[in-house]
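1. here is my input; please provide its structure:
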Amino acid sequence: MAFGLKVTVNTDKLDSYRDALWGKLEAVVEKSSRNVERKAKEIIIAKDIIDTGATLNSTLSRRSQGGNLLREIGPTTEYAPLLEYGSQGRRARPYMTPAGESERGPFEKAVKQILRDI
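-> Residues are numbered from 1 along each chain as shown. Purely as a prediction, here's the structure:
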């Protein structure tokens, strides 16, 4: 180099903060997704939505393809949307929407706390 400055930034600490943050966020996402799963099952039972038990038993939290912070939560039965939203001749019996809404506040609070603690 003929003339100028060379600046070196040591990112070791930054990398450790990122790793710690990621781990804490993963834990919050996992906990919240399990809470939504539990609440959805409670609602299915409380609203007597059980016919064969297939929707209840297939309502699970699964890690989604595309990243560790993504979860898919819900049943895998083909008729599950008809239970949630209703159809012609059948009233809606929502269970996933209220389950998800019940976890919104605690999830946001936990993420904000993690970000404050950085």
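
2. report the contact partners of the spatially most central residue of the chain.
-> Geometric centre of the chain, nearest residue: Ser33, 4.0 Å, by Cα atoms, centre = their mean. With contact set as Cβ atoms under 8 Å, 6 or more residues apart in numbering, Ser33 has these partners: 61, 71, 73. Placement of C-beta: from N, CA and C, glycine included.

3. same check, this time on Ile44
-> 50, 55-56, 59, 95.

4. and the residue nearest to the centre of the chain, what element?
-> For Ser33, the element it lies in under DSSP states H and E is helix 12-46.

5. show me which residues of that helix are buried.
-> 24-25, 28-29, 32-33, 35-37, 39-41, 43-44 (16 or more other Cβ atoms under 10 Å).

6. buried residues in the helix or strand that it is followed by?
-> Per DSSP H and E, the first helix or strand lying C-terminal to helix 12-46 is helix 54-58. For helix 54-58, the neighbour count (16+ other Cβ under 10 Å) marks 55-56 as buried.

7. could I get the buried residues of helix 12-46 in TSV, plus columns for pLDDT and distance to Glu101?
-> Conversion of the buried residues of helix 12-46 to TSV gives the following (pLDDT from 0 to 100; distance: Cβ to Cβ, whole Å):
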residue	pLDDT	distance to Glu101
Lys24	93	24
Leu25	94	21
Val28	96	17
Val29	95	17
Ser32	96	12
Ser33	96	14
Asn35	97	12
Val36	97	9
Glu37	97	14
Lys39	97	9
Ala40	96	11
Lys41	96	16
Ile43	96	11
Ile44	95	16
